[in-house]
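In: What follows is a predicted protein model with its sequence.
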Amino acid sequence: MLHSKKSLGQHFLKDEAVAKQIVSFFQESHPYDTVLEIGAGKGALTKFLVAENLPDFFVVELDHRVIPMLIERFPFLVNRIFNEDFLSFNLNKLSGEQVSIIGNFPYNISSQIVFRILENLERVPLMVGMFQKEVAKRIVSPAGNKEYGILSVLVQTFYCVEYLLDVSKESFTPSPKVQSGVIRLRRKDELPYLADVNQYFRLVKSGFGQRRKTLRNSLKDWSLPSEIVADELLSKRAEQLPVEEWISLSNQIAA
């Protein structure tokens with residue numbers, strides 16, 4: 001009997017109907033290049049992905065214990081499983097130029113997985129993933145909501161976001177203490193112009209660092225030019241700025 005490892009944030013999906021639905025959401029939107037599953041676990045999603053006969057399907061799985069079991073169950077996966085941590089995994093190991101990602105993500109690193117996807121956004125056109133519901137809602141939240149934050153802005157800058165499905169605790173073993181949610185990210189056909197992408201990331205993180213303050217106060221350390229400091233945008237709090245205004249502010253600063 002394979003027990004989950006708390007240190008890996010494992011909660012194995014056991015509900016086949018949910019697994020099939022997640023793969024269906026993925027299949028209806030992915031561009032048929034390389035597919036990468038993050039954290040296959042016992043193979044709940046893998047079962048339906050293998051059935052699709054995807055020519056370039058790979059798995060990244062940190063838990064070495066499940067790999068022999070996965071290969072025995074799905075012989076197709078011989079030489080297609082990387083026993084690595086996705087957070088340090090090099091996508092250049094995969095053959096395709098574009099890599100669509102799917103997974104029931106370990107909740108303890110799910111936000112880090114999203115940041116890793118953002119680092120590789122030119123290669124990742126699609127992601128369908130299971131998250132802790134709170135994190136999933138944060139990613140898709142519009143401006144003005146209390147859930148709207150750093151992840152919301154950065155993801156929505158580059159991806160169209162959709163909340164697809166609530167998943168109950170009973171769908172997993174062991175049952176997590178929290179509800180889960182499935183979301184889909186589809187990279188925008190036209191990415192916005194950013195004069196300085198690294199600055200943009202820093203700006204958003206700084207703005208939300210003191211989210212109860214106006215941006216004029218939370219960005220004091222940036223020593224902004226007086227004409228930008230006087231901009232009406234800076235009288236708002238970070239959560240009040242939609243993505244378009246974050247982009248505009250960043251480009252003003254970079255000019």
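Out: That came through fine. Numbering: from 1, shown residues only.
In: quick one: contacts for the most centrally placed residue in the chain?
Out: Nearest to the geometric centre of the chain sits Val114, at 3.1 Å (Cα atoms, centre = their mean). Counting by Cβ atoms under 8 Å, 6 or more residues apart in numbering, Val114 touches 139, 151, 155. In short, each C-beta sits where N, CA and C put it, glycine included.
In: pLDDT value on it, please?
Out: You'll see Val114 listed with a pLDDT of 98.
In: is it true that it lies in a strand?
Out: No. If the criterion is DSSP: H, G, I helix; E, B strand; the rest coil, then Val114 is helix and not within a strand.
In: I'd like the distance between it and Val155.
Out: Val114 sits 6 Å away from Val155, going by Cβ to Cβ, to the nearest Å.
In: what residues do the two have in common as contacts?
Out: By Cβ under 8 Å, 6+ apart, the residues touching both Val114 and Val155 are Ile139.
In: Quick check: phi and psi on the nearest residue to Ile150 once chain neighbours are set aside?
Out: Spatial nearest neighbour of Ile150, chain neighbours left out: Phe208 (5.0 Å); criterion: Cβ to Cβ, 6 or more residues apart in numbering. Per-residue torsions, Phe208: phi -90, psi 0 (degrees, to the nearest 10).
In: With Glu119 instead?
Out: Backbone torsions for Glu119, taken as degrees, to the nearest 10, come to phi -60, psi -30.
In: Just give me the closest of the contacts of Val114 to Pro55.
Out: For the contacts of Val114, the minimum distance to Pro55 (Cβ to Cβ) is 28.8 Å, reached by Val155.
In: That closest one reaches Val161, doesn't it?
Out: Yes. Here Val155 reaches Val161: they are 6.2 Å apart, a contact under Cβ atoms under 8 Å.
In: what residues are shared contacts of those two?
Out: Taking Cβ under 8 Å, 6+ apart as the contact rule, Val155 and Val161 both touch 139, 185.
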